[in-house]
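Engineer: One predicted model, sequence on top.
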Amino acid sequence: MSARRLRRLATAVALATATLGLPRLAAAQAQVLVVTGLGGERRFADRFRALGAGLAAAMHTRYGIPDADIAWFGEDSTGTDPRYRGLATREALDKAVAAFQARAATGGQVVIVFIGHGAGADAESRLSIPGPDVTVADVQRWLAGFPRQRAAFVALASGSGDMLPILATPGRVVITATKTSFERNESKFGEYFVHALTADVADADKDGRVSLLEAFRYAQRETKRVYDDASKIQTEHAQLDDDGSKQNTADPPARGGQGTLARRYFLDAAPVTVAGGDAALAALYRERFELEVQVDSVRARKPRMAADAYMTDLERALVALARKAREIRTAEGRP
């Protein structure tokens, strides 16, 4: 690489790094569907209900998502929580997803979280709910209805691992509590994943926010600790895919490749909220977010690119990000 190219790249990196002092924002507000499935035993039913209630509440109180964009269904026909919508039948879930699809904004985020027990295997994988179970085909159909949104599916369920290779596709985050359908023992991962999103425990990079990747890694680490402390063989191994490759799903790398989208997938306030109601500034925040994703995408493609092509694309992405940061600082009245 020429000295001139190195200097240009170093300048681009320095300019892009200046964006670190700016507010870190999601692309758009999220819609969240929480499903707590059949417990079978009282202890499971109580635990699933508590996890669902805590997660649904946190979506509003911690992340600022309006109650209208949070739907929680479970084992009970009625509930006092304002976000609880009733019995988690397949018909009710179909209607809830359709309602989300009808008002989903382009570039928005849609998160579906299932807490409970999984069953079946491969294409017959399903999640236990009152009445007919939710099948992996149902989930695939739901997610396909959000072509212009960032969709995430999180299966905090035993025996859910076979769903990942079926649902994984570029631009979609898929997380399962287990590696395969054969890991059917009681799962600890879901408890810690919910804890990551409802308490101040998982912000690894100390930026004041928790991404889906940070929540995943925290839950992975804590799950392993539980088994290690009890001197037991670990019977569950969580997986994450967000690039459709189905590779490195148990251990996404620190940068690039698997985990790139999940690293920037946040649930907190929409840009227009953080921008103090300034729609123009909010638009700039969204544009910066898209450019950050582009930088990550280029870095993820590095192993498959020629060196010169990689440096050219990275420089272009970093310069665009730096220019957007200048626009934002100007709009904010900052030097």
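Structural biologist: Okay, I see it. Numbers count the residues shown, from 1 in each chain.
Engineer: Contacts only, for the residue sitting nearest the centre point of the chain.
Structural biologist: With distances taken as C-alpha atoms, centre = their mean, Leu212 lies nearest the centre of the chain, 4.1 Å away. Residues counted as contacts of Leu212 (C-beta atoms under 8 Å, 6 or more residues apart in numbering) are 152, 154, 173, 175, 240, 262, 265-266. C-beta here means a position set from N, CA and C on the backbone, and glycine is covered the same way.
Engineer: Looking at those, spot the one nearest Pro130.
Structural biologist: Using C-beta to C-beta, Val154 is the member of the contacts of Leu212 that lies nearest Pro130, at 20.4 Å.
Engineer: Could you give the secondary structure assignment for the closest one?
Structural biologist: strand (DSSP: H, G, I helix; E, B strand; the rest coil).
Engineer: who does it bridge with?
Structural biologist: Bridge pairing for Val154 (DSSP bridges) gives the partners Val113, Ile175.
Engineer: if I pick it, what's in contact with it?
Structural biologist: Contacts of Val154 (C-beta under 8 Å, 6+ apart): 111-114, 173, 175, 193, 212.
Engineer: mind saving the C-alpha coords of stretch 229-236 as PDB?
Structural biologist: Taking Å, rounded to 0.1, in the frame of the first residue of the first chain, the C-alpha atoms of stretch 229-236 are listed here in PDB:
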ATOM      1  CA  ASP A 229     -20.000 -23.100  39.400                       C
ATOM      2  CA  ALA A 230     -22.200 -26.200  39.800                       C
ATOM      3  CA  SER A 231     -19.500 -28.400  38.200                       C
ATOM      4  CA  LYS A 232     -22.000 -29.600  35.700                       C
ATOM      5  CA  ILE A 233     -21.700 -30.300  32.000                       C
ATOM      6  CA  GLN A 234     -23.200 -27.400  30.000                       C
ATOM      7  CA  THR A 235     -26.300 -28.700  28.200                       C
ATOM      8  CA  GLU A 236     -27.200 -25.600  26.300                       C
END
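Engineer: next one: it to chain centre, how far?
Structural biologist: 26 Å (C-alpha atoms, centre = their mean, to the nearest Å).
Engineer: mind listing what's buried in that stretch?
Structural biologist: Buried residues in stretch 229-236, counted by 16 or more other C-beta atoms under 10 Å: Glu236.
Engineer: quick one: contacts of that stretch?
Structural biologist: Here stretch 229-236 has contacts from 158, 177-179, 183, 185, 187-189, 223-224, 227, using C-beta under 8 Å, 6+ apart.
Engineer: Mind giving me the packing neighbours of the strand or helix carrying Ala283?
Structural biologist: Assigning secondary structure by DSSP states H and E places Ala283 in helix 279-301. Secondary-structure packing of helix 279-301 (3 or more C-beta pairs under 8 Å, 6 or more residues apart in numbering; DSSP states H and E): helix 260-263, helix 271-274, helix 307-332.
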